[in-house]
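Trainee: below: sequence and its predicted model.
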Amino acid sequence: MSELSNDRAGIFARLHQPGDPVILYNAWDTGSARAVVRAGAKAVATGSWSVAAAWGYEDGEQLPLDLVLTNATRIADAVNQPVTIDFEGGYAVKPDEVAANMARLALTGVVGCNFEDQVVGGEGLHDIEVQAKRIAAARRGAGAAFFINARTDIFLHAAQDSHDAAMVDAAIERAHAYAAAGANGFFAAGLGDIALIRKLCEAVTLPVNVIPLPGGPDARALAAAGVARISYGPRPYRTMIKNVEEAAQAAFNWEAQAEPVAPRPSPPPRPRRVARTRPRPALTV
C-alpha cells in the first residue's frame, strides 16, 4: 500500500465506532461512488452483487478478477475518501492464492475489503480453522494497515425466522477466531433481530457490521445496539435500476399519456368600486 493508502486506511479504521457507526451506501462504479460522496459519505464501499450486475455478470466471483481490480482502481482514483470493496471469497480457496490476490488488491488504492467464509461456488461454510488460515493469509498479502472485514454467512444460509441465540453463539466463536487471525471487523450479513445483534456486539471485540433489512431495525436502533458499521449491499443498485426502468417506461409510453389540459385563463381582476360620499350640508347656527 502507498503512503496515501495507509493514511486513508487509518482514517477508515477510526470511523468504526460502536454506537456511532460509519454508514456505507454501497456503490458499484466511479459515477455512483462520486454520487454517494456528494451526498456526504465519509467512505465508499462496493457490493459484489452490484458490481457484477453493472458489468453484466452474476454474483459469486463470476466477474473476472482483472475486472474487479480494474473497477477498484478506478473508484479509488475517483474519490478522496477511503474505499473498501467486496472481495467475496478472495477469488481463491488455498491460503497462498488468497494472499497473492489480496496483495494485488492492496495495490489498487483501496484500503479494505469484505472477505466471506462461505464456500463460493460450493455449499456451506469453510470450517473455522480453514477460514482463520485464509484470513491470516489475506493479512500477509494485503499488509498490516489493510482493513479486513471478515464476513460470516451463517445467517444468510438460514431463514430469518430461524435465527436464534445458538446461531449467534456460533458466529461469536467465528468472530473470535477471525480476530485472532488478523481480521479488523466482523460482518454478520443477514442478521436482523435487534436482540441478537445486541448480543453479538456485546460479545465480540471486533467492530460489527450489519445491513438494515427491510422492515427491520433502522440505523438509530442498530447504533444503540452497538453496531459500528452499517452497509446497504445491493439495495442502492436495485433502487437505481428500478428508477431507470420506471422513467424509461414513462418515456416510451408517451402516446398513452393523457394530453395535458391547458389551464383556463383567469378572468381579469374586477375594478374596485370606490364608494362616493355625499358632502354634508353646512351647519347653520
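Mentor: Done, it's in.
Trainee: Ala100 falls within a helix, correct?
Mentor: Yes. Secondary structure of Ala100 (DSSP: H, G, I helix; E, B strand; the rest coil): part of a helix.
Trainee: tell me the secondary structure for the nearest residue to it once chain neighbours are set aside?
Mentor: In space, and not counting its chain neighbours, Ala100 is closest to Gly141: 6.2 Å by Cβ to Cβ, 6 or more residues apart in numbering. For every residue, glycine as well, the C-beta is placed using N, CA and C. Per three-state DSSP, the secondary structure class of Gly141 is helix.
Trainee: pull the number of nearby residues for Gly56.
Mentor: Gly56 has 8 neighbours, counted by other Cβ atoms under 10 Å.
Trainee: I figured Val204 hits Ala179, correct?
Mentor: Yes. Between Val204 and Ala179 there is a contact under Cβ atoms under 8 Å: 7.3 Å.
Trainee: hmm, back to that, measure the residue nearest to Ala100 to Cys113 for me?
Mentor: Distance, Gly141 to Cys113, using Cβ to Cβ, to the nearest Å: 11 Å.
Trainee: list residues touching both of the two?
Mentor: Met102 (Cβ atoms under 8 Å, 6 or more residues apart in numbering).
Trainee: of those two, give the one with the bigger neighbour count.
Mentor: Shown here are Gly141 and Cys113; by other Cβ under 10 Å, Cys113 has more neighbours (25 against 21).
Trainee: which residues pair with that one across the strands?
Mentor: Beta bridges link Cys113 to Ile85, Ile148 when assigned by DSSP bridges.
Trainee: so what's it up against?
Mentor: By Cβ under 8 Å, 6+ apart, the neighbours of Cys113 are 84-87, 102, 105, 142, 146-149.
Trainee: what is the nearest of these to Asp127?
Mentor: Ile148 (18.5 Å; Cβ to Cβ).
Trainee: state the distance from Gln160 to Ala145.
Mentor: Counting by Cβ to Cβ, the gap from Gln160 to Ala145 is 36 Å.
Trainee: can you tell me the element Ile172 falls in?
Mentor: helix 165-181 (DSSP states H and E).
Trainee: excluding sequence neighbours, find me the nearest residue to Arg74.
Mentor: Thr30 (5.2 Å).
Trainee: tell me the pLDDT of the one you found.
Mentor: Thr30 carries a pLDDT score of 98 in this model.
Trainee: wait, isn't it in contact with Ala78?
Mentor: Yes. The pair Thr30 / Ala78 is scored as a contact, 4.1 Å apart, by Cβ under 8 Å.
Trainee: am I right that the residue nearest to Ala100 is in contact with Ala103?
Mentor: Yes. Contact criterion Cβ under 8 Å: Gly141 and Ala103 qualify, at 4.1 Å.
Trainee: next, show the common contact partners of these two.
Mentor: With Cβ under 8 Å, 6+ apart, Gly141 and Ala103 have no common neighbours.
Trainee: ok, Gln160 and Ala145, which is more surrounded?
Mentor: It is Ala145, of Gln160 and Ala145, that has more neighbours when counted by other Cβ under 10 Å, with 18 against 14.
Trainee: tell me which element that one falls in.
Mentor: Here Ala145 is assigned to no helix or strand, by DSSP H and E.
Trainee: same deal with Asp96?
Mentor: Going by DSSP H and E, Asp96 is in helix 95-106.
Trainee: can you show me the CA trace of that helix as CSV?
Mentor: Provided in CSV are the C-alpha atoms of helix 95-106 (Å, rounded to 0.1, in the frame of the first residue of the first chain):
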residue,chain,number,x,y,z
PRO,A,95,-4.3,-19.6,1.6
ASP,A,96,-1.3,-18.8,-0.6
GLU,A,97,-3.5,-17.9,-3.5
VAL,A,98,-5.7,-15.8,-1.3
ALA,A,99,-2.5,-13.9,-0.1
ALA,A,100,-1.5,-13.3,-3.8
ASN,A,101,-4.9,-11.9,-4.7
MET,A,102,-5.0,-9.7,-1.6
ALA,A,103,-1.6,-8.3,-2.5
ARG,A,104,-2.9,-7.4,-5.9
LEU,A,105,-6.0,-5.8,-4.4
ALA,A,106,-3.9,-3.7,-2.0
